[in-house]
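1. Next comes the sequence, and after it the predicted model I'd like to discuss.
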Amino acid sequence: VGELLRYIDARYVDEVDQNVLLEKAMESIINQLDPHSGYIPADELQEENESLAGAFEGIGVEFMVIRDTVAVLRAINGGPAELGGLKVGDKIIEVEGEVIAGVNLSSDEVIKKLKGASGTQVKIAILRMGEQTPREFTIQRREIPIHSVEAAYEIRPGVAYLKVERFSHNTFKDFIESMSKLYEDEKPRDLILDLRQNHGGYLQQATRMLSQFFPQTGALLAY
């Protein structure tokens, strides 16, 4: 690949951007692998890592663009969006007076409009199901902690329940802390480990968590 790029640079009739060609080549190579492998360009890596870090700065919503409309899937518990009154199913139609509904914005473009430095404000308008008149909100952005373990409790006597939302930077730590509380009385319990709708993330965090269930891998704890 390097030889080809050098040949193009030396011989091709027009001037080309070597970085663009290299990015396309890398993306194409990775696409030949399994469906779970993907190439993340350098300019998108920071944003990708941020979603798996311990926190990010924004209003605290998860959304999906459905038929050109931004629909709120979840307002993070205790985040500015939830405290401000946003609910699941709300459709965000304006951000800072700019219409974002029906204009084919990508998810990345929506994220850039909603996220911002902690302490700054963003004005949004939403349309709630069953209502004809949009509602307006002014939400102050702040640091939103990302919790990997969304729930951990005894679902019934002798059965513990633990839901892991994502495998982020803090997943193993959150998992150990939650398990320690669930089993602090040292009584044996069955465990329901709920990975439904898990967003994925760092493989190392997943394997470290799983190592706790298999003594032959050198588990640190036994439950």
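-> Done, it's in.
2. drop to CA atoms for contacts and neighbour counts, all remaining ones
-> OK.
3. where are the low-confidence patches of this protein?
-> Low-confidence segments of the chain (pLDDT under 70): 47-48, 50-55, 215-223.
4. what about the helices in it?
-> Ranges of helices in the chain, per DSSP state H, are 2-11, 18-30, 42-50, 80-84, 107-114, 171-182, 203-210.
5. buried ones in the fourth one?
-> Within helix 80-84, the residues scored as buried using 16 or more other Cα atoms under 10 Å are 80-82.
6. Serialize the residues you listed to a markdown table and add fields for distance to Arg74.
-> Output for the buried residues of helix 80-84, formatted as a markdown table (distance: Cα to Cα, whole Å):
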| residue | distance to Arg74 |
| --- | --- |
| Pro80 | 12 |
| Ala81 | 9 |
| Glu82 | 9 |
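7. Put together CSV for the helices of the chain, with distance to Leu162 on each row.
-> Shown next, in CSV, are those (distance: least, Cα to Cα, whole Å):
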stretch, distance to Leu162
helix 2-11, 48
helix 18-30, 34
helix 42-50, 24
helix 80-84, 23
helix 107-114, 29
helix 171-182, 8
helix 203-210, 12
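8. now for those, which one comes closest to Val95?
-> Nearest to Val95 among those is helix 107-114 (7.0 Å), distances taken as Cα to Cα.
9. mind listing what's buried in the closest one?
-> Within helix 107-114, the residues that count as buried by 16+ other Cα under 10 Å are 110, 114.
10. mind checking how far it is from the chain centre?
-> Taking Cα atoms, centre = their mean, to the nearest Å, one finds helix 107-114 lying 13 Å from the centre of the chain it belongs to.
11. who touches that helix?
-> Applying Cα atoms under 8 Å, 6 or more residues apart in numbering, the external contacts of helix 107-114 come out as 58-59, 64-65, 95, 122.
12. can you pull the contacts of Val61?
-> Applying Cα under 8 Å, 6+ apart, we find Val61 in contact with 72-76, 81.
13. Show me which positions of stretch 177-186 end up buried.
-> Applying 16+ other Cα under 10 Å to stretch 177-186 flags 178-179, 182 as buried.
14. Just the C-alpha atoms of that stretch, please, in PDB.
-> Extracted in PDB, the C-alpha atoms of stretch 177-186 (Å, rounded to 0.1, in the frame of the first residue of the first chain):
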ATOM      1  CA  GLU A 177     -18.400  -2.400  43.700                       C
ATOM      2  CA  SER A 178     -21.900  -3.500  42.900                       C
ATOM      3  CA  MET A 179     -21.100  -7.200  43.400                       C
ATOM      4  CA  SER A 180     -19.500  -6.500  46.800                       C
ATOM      5  CA  LYS A 181     -22.700  -4.800  47.900                       C
ATOM      6  CA  LEU A 182     -24.900  -7.600  46.600                       C
ATOM      7  CA  TYR A 183     -22.900 -10.200  48.400                       C
ATOM      8  CA  GLU A 184     -21.700  -8.300  51.400                       C
ATOM      9  CA  ASP A 185     -23.600 -10.700  53.700                       C
ATOM     10  CA  GLU A 186     -21.600 -13.600  52.100                       C
END
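15. Please list the outside residues in contact with that stretch.
-> Stretch 177-186 is contacted from outside by 149, 152-154, 160, 189, 223, using Cα under 8 Å, 6+ apart.
16. same check, this time on stretch 119-137
-> With Cα under 8 Å, 6+ apart as the test, stretch 119-137 has contacts from 84, 89-97, 114, 138-142.
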